[in-house]
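A.B. asks: heads up, no residue letters with this:
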């Protein structure tokens, strides 16, 4: 596997870190294989880049057969469009080195979290095409083929995550024109690639209405979108096993009774003895700080990692999402294999 860590110089003198994880091809299997790739853009309110939304995500995609790249973009005090131009440069490098890194240049997706979702969407939509052109980038050439967003910052309006826009715009944070220019839902059009987005409803940081506004804008523009809104986190698992005792009336016996048409109501007594030898303890899920990083994260992203980017060369080079059961075989062909 090829691993590298490069620097991207920001227009304000700051420096972004661009990390790549590229799988090697096997001469025995397919020496000319081109893999789909994902650019991971972590969140952090444009004030930092979160560790939990960077390398751990890249490793999951890497294990599924994707090439993965992580962009640690410039944050506060850097302001717009520094981070956007760094993301554009990251995409340019991936496509420029596609042959060297065994990447399919027409199968590159961006995945962004929170404020990183705003940055990914800013790159994928036409929101800042004029800004990219002014700095020498072809907006279409650096646009990803697919867009995956997790609890993204979308709107700069009343439901905005205000801290992100304050950090992004600096002194222009109260300028209506500047705010409108980076409000993603106002700039979605036919150029926007297919979108997969999810959000937890109790998110107390980025209101879930941001995702609803994104979905509505995609629908109006005719952009393919799949969205998942998740309720409160599931309750923490309760230990099933107790020390040796008769479980008459216990949760376990009640479950047995219900499945047997309520034997207790027929005068039957169900005795369920809990084994004296404890079973091996199951690892408990990591408890993360708030609902946006709850077990729903892993539940949805396990589905997301199984989701495949299927790229057709017949009519269009844009991506469409295609679910398959087994994620380890590369890009699916016309027959889904």
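C.D. replies: Received it, and whenever you're ready, just let me know what you need. What you see is a predicted model; the values in this text were computed from it and never measured.
A.B. asks: residue 35 pairs with what?
C.D. replies: residue 103 (DSSP bridges).
A.B. asks: and it, what does it touch?
C.D. replies: 23, 65-67, 102-104, 107, 330-331 (Cβ atoms under 8 Å, 6 or more residues apart in numbering). Just so you know, the C-beta spots here come from the backbone N, C-alpha and C atoms, and that holds for glycine as well.
A.B. asks: how does it look with 7 Å?
C.D. replies: Residues near residue 35 by Cβ atoms under 7 Å, 6 or more residues apart in numbering: 23, 65-67, 102-104, 330.
A.B. asks: per-residue pLDDT, residue 273?
C.D. replies: Looking at residue 273, its pLDDT is 33.
A.B. asks: please renumber the chain so that the first residue is 23 from this point on.
C.D. replies: Let's use 23 as the start, then, which means that last one is residue 295.
A.B. asks: and stretch 43-63, what's buried?
C.D. replies: 43-45, 56-63 (16 or more other Cβ atoms under 10 Å).
A.B. asks: before we move on, back to that, now the contacts of residue 57 as TSV including pLDDT and distance to residue 36?
C.D. replies: Shown next, in TSV, are these (pLDDT from 0 to 100; distance: Cβ to Cβ, whole Å):
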residue	pLDDT	distance to residue 36
45	96	31
87	94	34
88	96	28
89	97	26
124	97	31
125	97	27
126	97	31
352	36	37
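A.B. asks: could you list the low-confidence segments of the chain?
C.D. replies: 254-359 (pLDDT under 70).
A.B. asks: which residue ranges of it form helices?
C.D. replies: Assigned by DSSP state H, the helices in the chain fall at 77-85, 104-118, 137-146, 151-156, 184-191, 198-203, 231-243, 273-281, 317-328.
A.B. asks: Throw the ones you listed into CSV and include distance to residue 23, thanks.
C.D. replies: Below are the helices of the chain laid out as CSV (distance: least, Cβ to Cβ, whole Å):
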stretch, distance to residue 23
helix 77-85, 8
helix 104-118, 16
helix 137-146, 24
helix 151-156, 31
helix 184-191, 34
helix 198-203, 40
helix 231-243, 34
helix 273-281, 47
helix 317-328, 18
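A.B. asks: among these, which is the most enclosed?
C.D. replies: helix 137-146 (a mean of 29; mean count of other Cβ atoms under 10 Å).
A.B. asks: what sits up against it?
C.D. replies: Contacts of helix 137-146 (Cβ under 7 Å, 6+ apart): 63-68, 75, 95, 105-106, 109-110, 113, 132-134, 150, 164-166, 169, 171-176, 186, 204, 206, 214-215.
A.B. asks: so which of the residues you listed are in strands?
C.D. replies: 63, 132-134, 169, 171-172 (DSSP state E).
A.B. asks: between these, which sits nearest residue 80?
C.D. replies: residue 133 (9.4 Å; Cβ to Cβ).
A.B. asks: in the sheet, which residues pair with the nearest residue to that closest one once chain neighbours are set aside? Tell me.
C.D. replies: Among residues not flanking residue 133 along the chain, residue 170 sits closest, at 4.0 Å (Cβ to Cβ, 6 or more residues apart in numbering). Applying DSSP bridges to residue 170 yields these beta-bridge partners: residue 133, residue 218.
A.B. asks: run through the bridge partners of the closest residue to residue 28 other than its chain neighbours.
C.D. replies: Leaving aside its chain neighbours, residue 28 sits nearest to residue 40 (4.7 Å; criterion: Cβ to Cβ, 6+ apart). Note on residue 40: beta-bridge partners by DSSP bridges are residue 28, residue 93.
A.B. asks: ok, residue 40 touching residue 31?
C.D. replies: No. Assessed by Cβ atoms under 7 Å, residue 40 is found out of contact with residue 31, at 10.9 Å.
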